[in-house]
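Novice: Structure, please.
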Amino acid sequence: MTTVSKSGARASIASSVDLPTPEPAKTPMRWPALSGVKKSMTRMPERIERLILHGSQRQWLAYLHEVVELMERTRDCEDPAVGAARDRAATVIANHHNLLLALPGPGARLTTTDRARLDARHQGAP
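Specialist: Below is the predicted model of the structure:
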């Protein structure tokens, strides 16, 4: 059984009209600045976003290569935060390189050396 409400004046609004939304009391920052971090490091998320949205495959792979080199330069650093970041970066980049093995194009070939460096690191080699 269907019920019908009493007839009366009703307001309608087009679905294309944007209704105002209140601003949050505190707008969160995308990437909070960390204390003791170089200014160039605080711009890293912007660089990554630019590479992903507007860069070429070669530019992205060059960035990943820079990260592998940075991991090697900080290999002897005893700071636990640096070690944790290095481990996370190694996992992410190794996964990325392994995904490239299944894709057509030059990506897998271009990352062969870095993939071998990450594999050696994972196996405990210097």
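Novice: In three-state terms, how would residue 104 be classified?
Specialist: Reducing the assignment at residue 104 to three states with DSSP: H, G, I helix; E, B strand; the rest coil gives coil.
Novice: Am I right that residue 111 is in contact with residue 97?
Specialist: Yes - if you go by CB atoms under 8 Å, residue 111 and residue 97 touch, sitting 4.8 Å apart. (Glycine included, C-beta is placed from N, CA and C.)
Novice: okay, and the common contacts of these two?
Specialist: residue 64 (CB atoms under 8 Å, 6 or more residues apart in numbering).
Novice: number of nearby residues for residue 119?
Specialist: By other CB atoms under 10 Å, 12 other residues sit near residue 119.
Novice: whoops, I mixed them up, residue 110
Specialist: For residue 110, using other CB under 10 Å, the count is 18.
Novice: again, but for residue 114
Specialist: 20.
Novice: Check residue 50 too.
Specialist: Neighbours of residue 50 under the rule other CB under 10 Å: 12.
Novice: what does residue 117 give?
Specialist: Residues near residue 117, counting by other CB under 10 Å: 20.
Novice: any idea how far it lies from residue 71?
Specialist: Look at residue 117 and residue 71: by CB to CB, to the nearest Å, they are 9 Å apart.
Novice: Could you do residue 52 as well?
Specialist: 20 Å.
Novice: So which of those two has more stuff around it?
Specialist: Legend: neighbour count by other CB under 10 Å for residue 52 and residue 71, higher for residue 71 (20 against 11).
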